[in-house]
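Next one to model:
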Amino acid sequence: MNAPLPAGVLADRDELARRLSRETEGEVLFDAASRGRYATDASIYQIMPVGVFVPKTPADVAIALQVAREMGAPVLPRGGGTSQCGQTTGAALVIDFSKHLRRLLELDLDAQQAVVEPGMVLDHLNAQLKAHGLWYPVDVSTSAQATLGGMAGNNSCGSRSIAYGNMVHNVERIAAWTSDGSELDFGPLDTLGAKERDIAEFVRGLAQALAPEIDAHWPTVMRRVAGYNLDIFRPKSERPYTADGSVNLAHLLVGAEGTLAMSRSLTLRLAPLPKHKVLGVVNFARFHTAMDSAQHIVKLSPTAVELVDRTMIELARANPAFRTVIETALIAQRGQSPDAILLVEFSGEDRAVLLKQLQSLVELMGDLGLPGSVVEMPDEAAQKALWEVRKAGLNIMMSLKGDGKPVSFIEDCAVPLEHLAEYTDALTEVFARHGTRGTWYAHASVGTLHVRPILDMRRDGAARMRAIAEEAAALVRKYRGAYSGEHGDGLCRGEWIRWQFGPKIDDAFRVIKQRLDPGNVFNPGKIVDPPKMDDARLFRFPQGYRTIPLKPVLDWSAWNVQNDPVTEATTAPGTGGDSTGGLAKAVEMCNNNGHCRKFDAGTMCPSYRVTRDEQHLTRGRANTLRLALSGQLEGEALDGEAVKAALDLCVSCKGCKRDCPTGVDMARMKIEATAAYKSRHGYTLRDKLIAHLPRYARLASALPWLFNLRNEVPALARWAERTLGFAAARSLPRWRHDTLRREAPRYGLVDAAQALAAQKSVVLWVDTFNGHFETENARDAVRVLQAAGYAVHVPGLQGEPLCCGRTYLATGMPDRARASAGALVAALAPFAARGIAIVGLEPSCLLSLRDEALVMGLGEAAKTVAAHALTFEEFLAREAMAGRFAPPLQPATRPIKVHGHCHQKAFGVVQPVLEVLRLIPGAKPELIESSCCGMAGSFGYEAEHHAVSMQMAELALLPAVRAAGDAWIVADSASCRHQIADGAQREALHVARVLAAHLER
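A predicted model of the protein is given here:
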C-alpha cells in the first residue's frame, strides 16, 4: 500500500525535517499520521510522502525547494488535494499551498485580470470578484475547495467550458520556481526575459521538428489535457489558446501537473458575470436519446449542457440534502423516472433574449419528438440549488455502500459530439462484458462524459480496470477523441500518453521535462516515465487489503454489506465480511474529494474553517481512522494518540452527516474512537463531571448558590481551570432552584393515563438543561401547547431523570449511555405505540432518539419512538399544516433572526423553525448563515478548546448577532444560547419563548 521511493532519492528523512524546521517558518509534518493524510487524493491511489511542509510565505517555499534539492528529495506541490488521477500523491516532500498562500495579490479591473497565489480557492476568488461584476469562469464542480494553482496544474475545465474554455484559455501568466531555484515569469512571448526566451525557443524547435507527428496524432477536441501543451507552437485545439493566435509560454505549464515548475503566482483572465441565467431541464426516457440530442442542443448556443443519469438521480433522491431539489427537475413518464436529464443553461445580459432561447429549447425538443420533456427554471434560486446537486455528482455516485465503487480511470475520454451516443453505447457494452456497469455524468456540451464503472479493487477490480481501459482506448481512437479530457493524467492515465501521442511526441515530453527539471525534482512519475495504472503497490485498497479485528460499541452493520456492480443491490446488513463490524466500511465511504473543505453555506467542517489544517478536516479524520483500522499507523489503532489528536477538534456537529454527499458521519465515528481511547487510558474527573451531569443535577439544584460560586469568585474559576480543565474565561451554566420538577405542579400537566386517553395530547420530553437551567423554556412550551388545546404530559418528573445518554457518549461511556437511552425509550414507548408525538426542546437530545438510539441495540421500541420523535418546531409545523395548531398570536413588532443548531441542520429541521415563527402575524424570520456556534456540548467549556470555540463563533454567528439591532435572536440549543450570551452579550431565546411572548393575553 506504500510505493517505494524512486531510486537515488532521500536518505535521511529526519534530517530533512530538522532542516525545514530550523530554516523556515512553515509547519513541518513528518509523523506517520500526517504523512498518511497526504498520501491520498480523490483517486484510487495511495503513496506515502516523504513528509509534508506547509509554508507560511513564498520565502518558505524557496528555502524548502533548496533544502529538498540539496538532500535529494523530490517535491510535490499540492492545493486542495482533489485530483482524481493521483497527481497529488507521491513519494516526495508534499508542499501544501492551500493554508497560507491563498491571497488575491492584484486586481486590474480595466484589464479584467487578477493575480493570485496558487493556494487560493476558486470560490474565494469569485466571492471577492462578485462586487465588481466579474468572475473567473472555469467553474469546476469542486470550486468550493479546488485551488487555482491545482486547477492550472490539471488544466481544469468546468461545466461552462463550451462558452469560456479551459484553464489554458484563461491563464495569462505564471510566475514560478524552477527546480534549480530560479524565479521565472512565463507569459506572452514578447514579454519574456532571457531565460524564459531560451525555454520558448527550445520548445518551438521541438514543435517544428515534430510537426508531422503533431498533425497525425494530436487530438483536436478542446477537451484534451494530456501531456504537455507542445501545441502552443502548432495549435490543434478546436478553441485557440489565445484570442489573437499568439503564443503564451505560461500555457506550457498549464496541465503539467507540477512536473515542470512550481507556481508562485498566476495571472488570470476574468470575465463579466452574466446578469441573468435561465435553465431548461430536459427529461429523457432513454439515456441514448439524451446523448444523441446533445449535438442538436449545443446549436442553440447554451453556456452549459450537463448530464445527470438515473444512478445519480436515484442517489440524490436518497440523500435528504438533495431529494427535494432533484425532484423539482423531474418529469415522470408512465410512472417512471427519467433515465437521464440534461441541464441546459443560457446566460447573458438580456433576460428577454434568454427566455426566448429557453423557448427555443422547448421547441427543439418537440421537433426531436420529445414534447413536454423540458422543466423550465427561469428562477435563479431554483437553478442554483439544482446546480449544487450536479456539482456534488461525483460524491453522490461514490455513496454506494459495499466494496464495489465507481472507479475513475477512463472517465475523461472526450469524443466529438456527433459520436457521443455511439461511444456511450459501445462503452456500456464493454462494461457489460466485464460484469459491471457505469455511472455517467458531466459535460455533454463538449463530449466529455464522466463515466465510472463499478469495480471492487480489493478483489478483481485491477484486472477488470486494465481490460476496460484497453477497450475504451480503442473506442477513443475509433472516434478520434482524447483519452484524457479533463482531470489530467496522474497515475491512472499517464501510461496512455505514449499510446495517445505516439513514441516521438512522448519522447519530446521527456526532453521538455529534462530541460526544465533536469534533476527530476518535481512530482516524478507523472506524465514522464509514469508507472502502470494497475501497479498494485499504488492502490489505496489493493487486493488483500485487510482491517484489524474490532468490536464497535455502536451498530455499523448497515455499512457491512457487499454490492452487485450491475444492479447495485446490496446484501443484508452484517454480511460484508468487515472485521470491524462495518465501522471500517463506513469510514471508507470518504472518497477524499474534499467537499468538507468548503466555506460556503452549510455546517461542515467548522474546525477546518478555523484551523485550515488537514488534520482537523472530515477528510483528514477519515483518513486517519482508515489508516488506524487497517494497521497503517505504525502500530497505533483506534485507541491511539494519532486518532485522538485528529478528532480533538471535532465538535460532533454532524455537519458531515448532511453536507458530505457520501454521508460520512464523523460525530458517530468519534463516539467509537473516544470509547476506545477512554477504555484504554481511563477517565478524568472532568469526564465524570460531564458524563454524570443528568444524575447529580437534582442535588445541585437544591444548593444552587454553592455550585454557582465558581462563576462568582474569579479565584475559583482559575482553580477549576487548573484542576478540572474548565476554562476560567468561560461562564458555566447557572444552577437554579426553580427547576421543572419543583415547578411542574403549577403547569396544569396531565399524567400518563390522561395523556393516553386524551383526544389531543402530546408528550413533552424535557431534557436536563431545559429542566434544570432554563426552566422558562419548558414553561413556555407548555403554555403554547396548552393555548392550542393540547393535553401536555411531561414524563420523568418523579424517580430517576430521563436522559438520552449524550453526555455519556461524549465522554466515552457507551454502556452507561445505552442504559440511559434504554430507560428513556422504555418510558416513551407506550406513548409512541399509541401514535402520540414525543416532542423535545433541545435539538441534540431529541434527535438522539432518531440517530444514536437506533444503533445502540435497543430493539424495535427505539424504532417506534424514533418514528414519533419530533422537535418542538417540527411538531408545531406539522400540526399547523393539518389545521390543529392555531393559537391566538399578537403581531410581531421586532425582526427575528434565527440561528440553527448544527443537529437541526444535519437532520433538515431548520425550516420548521422558520415556518412556526411565520405563524406570528407580520413576522419575517431570517436565518443567520452560520456554521457551528463553537460550544458543542462541553467543547466550548474546556480550557484547551475555548479559543477555537470562540474563533468558530466569530466566523459568522457573533458578528451577525451584534449587527442584529433590536431583533429577537432565536436559538433552540442551550449551547448556542450560552455562546451568544458569552460572546455577544445578547440573550438568545428558544422559539417556545418567542411564541409565548406573542400569545394574546
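
The closest residue to residue 493 other than its chain neighbours: neighbouring residues, count only.
Leaving out its chain neighbours, the residue that sits closest to residue 493 by Cβ to Cβ, 6 or more residues apart in numbering is residue 484, at 4.9 Å. Backbone N, C-alpha and C define where each C-beta goes, glycine included. By the other Cβ atoms under 10 Å criterion, the neighbourhood of residue 484 contains 29 residues.

distance of residue 484 from residue 412?
Per Cβ to Cβ, to the nearest Å, residue 484 is found 6 Å from residue 412.

Mind jotting down where the helices sit in the stretch 701-850 of the chain?
Applying DSSP state H, counting those that start in this stretch to the stretch 701-850 of the chain gives helices spanning 704-707, 709-712, 714-723, 740-743, 752-757, 768-772, 775-787, 806-810, 814-833, 843-848.

ok, of the ones you listed, where does mean pLDDT dip lowest?
When these are ranked by mean pLDDT, helix 740-743 comes last with a mean of 90.

How far does that helix sit from its chain's centre?
For helix 740-743, the gap between its own C-alpha mean and the chain's C-alpha mean amounts to 44 Å (Cα atoms, centre = their mean, to the nearest Å).

now do stretch 706-723
40 Å.

Quick check: buried residues in that stretch?
Of the residues in stretch 706-723, 707-708, 710-711, 717, 720-721 count as buried by neighbour count, 16 or more other Cβ atoms under 10 Å.

JSON lines for these, including distance to residue 354?
As requested, those are exported to JSON lines (distance: Cβ to Cβ, whole Å):
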{"residue": "707", "distance to residue 354": "65"}
{"residue": "708", "distance to residue 354": "63"}
{"residue": "710", "distance to residue 354": "63"}
{"residue": "711", "distance to residue 354": "60"}
{"residue": "717", "distance to residue 354": "62"}
{"residue": "720", "distance to residue 354": "63"}
{"residue": "721", "distance to residue 354": "61"}
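
Just give me the closest of those residues to residue 634.
Checking the buried residues of stretch 706-723 against residue 634 with Cβ to Cβ, the nearest one is residue 721 at 34.2 Å.

got a pLDDT number for the closest residue to the closest one other than its chain neighbours?
Nearest-residue entry for residue 721: residue 728, 4.3 Å, with adjacent residues in sequence omitted and distances by Cβ to Cβ, 6+ apart. What the model reports for residue 728 is a pLDDT of 97.

if we can go back for a sec, quick one: which of the buried residues of stretch 706-723 is nearest to residue 922?
Looking at the buried residues of stretch 706-723 and their distance to residue 922, the nearest is residue 711, at 38.6 Å (Cβ to Cβ).

For that closest one, give me its contacts.
With contacts defined as Cβ atoms under 8 Å, 6 or more residues apart in numbering, the neighbours of residue 711 are 717, 731-732, 734.

Filter these down to the buried ones, PyMOL style.
A single PyMOL command suffices to select whichever of these are buried according to 16+ other Cβ under 10 Å:
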select buried, resi 717+732
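
need the contacts of residue 711 in CSV with distance to residue 215, can you?
Written out in CSV, the entries for the contacts of residue 711 read as follows (distance: Cβ to Cβ, whole Å):
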residue, distance to residue 215
717, 78
731, 75
732, 76
734, 81
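
Out of the contacts of residue 711, flag the one nearest to residue 850.
For the contacts of residue 711, the nearest to residue 850 is residue 732 (29.2 Å; Cβ to Cβ).

quick one on the thing from earlier: residue 396: which of the helices of the stretch 701-850 of the chain is closest?
Proximity to residue 396 (Cβ to Cβ) singles out helix 843-848 among the helices of the stretch 701-850 of the chain, at 23.7 Å.

Just the CA trace of the following helix or strand past that closest one, in CSV.
Of the helices and strands lying after helix 843-848 in sequence (DSSP states H and E), the nearest is helix 860-868. Included here for helix 860-868 are C-alpha records, laid out as CSV according to Å, rounded to 0.1, in the frame of the first residue of the first chain:
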residue,chain,number,x,y,z
GLU,A,860,-37.9,-2.3,18.0
ALA,A,861,-39.1,0.0,20.8
ALA,A,862,-36.3,2.5,19.8
LYS,A,863,-37.5,2.5,16.2
THR,A,864,-41.1,3.1,17.3
VAL,A,865,-40.1,6.0,19.5
ALA,A,866,-37.8,7.4,16.7
ALA,A,867,-40.7,7.4,14.3
HIS,A,868,-42.7,9.7,16.6
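
Can you list the neighbours in contact with the helix or strand following helix 860-868?
Toward the C-terminal end, the helix or strand that comes next after helix 860-868 (DSSP H and E) is strand 869-871. For strand 869-871, the surrounding residues in contact (Cβ under 8 Å, 6+ apart) are 828, 832, 837-840, 843, 846-847, 849-850, 878, 904, 909, 912, 972.

C-terminal to strand 869-871, which secondary structure element comes first?
helix 872-881.

now that following helix: mean pLDDT?
For helix 872-881, the mean per-residue pLDDT is 97.

and if you look at stretch 28-42?
Across stretch 28-42, the average pLDDT comes to 97.

Output the below-cut-off pLDDT ranges for the protein.
Along the chain, the parts satisfying pLDDT under 70 run over 1-11, 334, 393-395, 442, 601.

Look up how far residue 75 lies from the residue nearest to the spatial centre of it.
Central residue of the chain (Cα atoms, centre = their mean): residue 595, 2.3 Å from the mean position. Look at residue 595 and residue 75: by Cβ to Cβ, they are 27 Å apart.

just residue 783 next, same as before
Remark: distance between residue 783 and residue 75 (Cβ to Cβ) = 66 Å.

neighbour-wise, which of these two wins?
residue 75 (26 against 20).

any idea how far residue 918 is from that one?
57 Å.

for residue 453, phi and psi?
When read as degrees, to the nearest 10, the backbone of residue 453 gives phi -70, psi 150.

Based on its surroundings, how many neighbours for residue 890?
By other Cβ under 10 Å, 13 other residues sit near residue 890.
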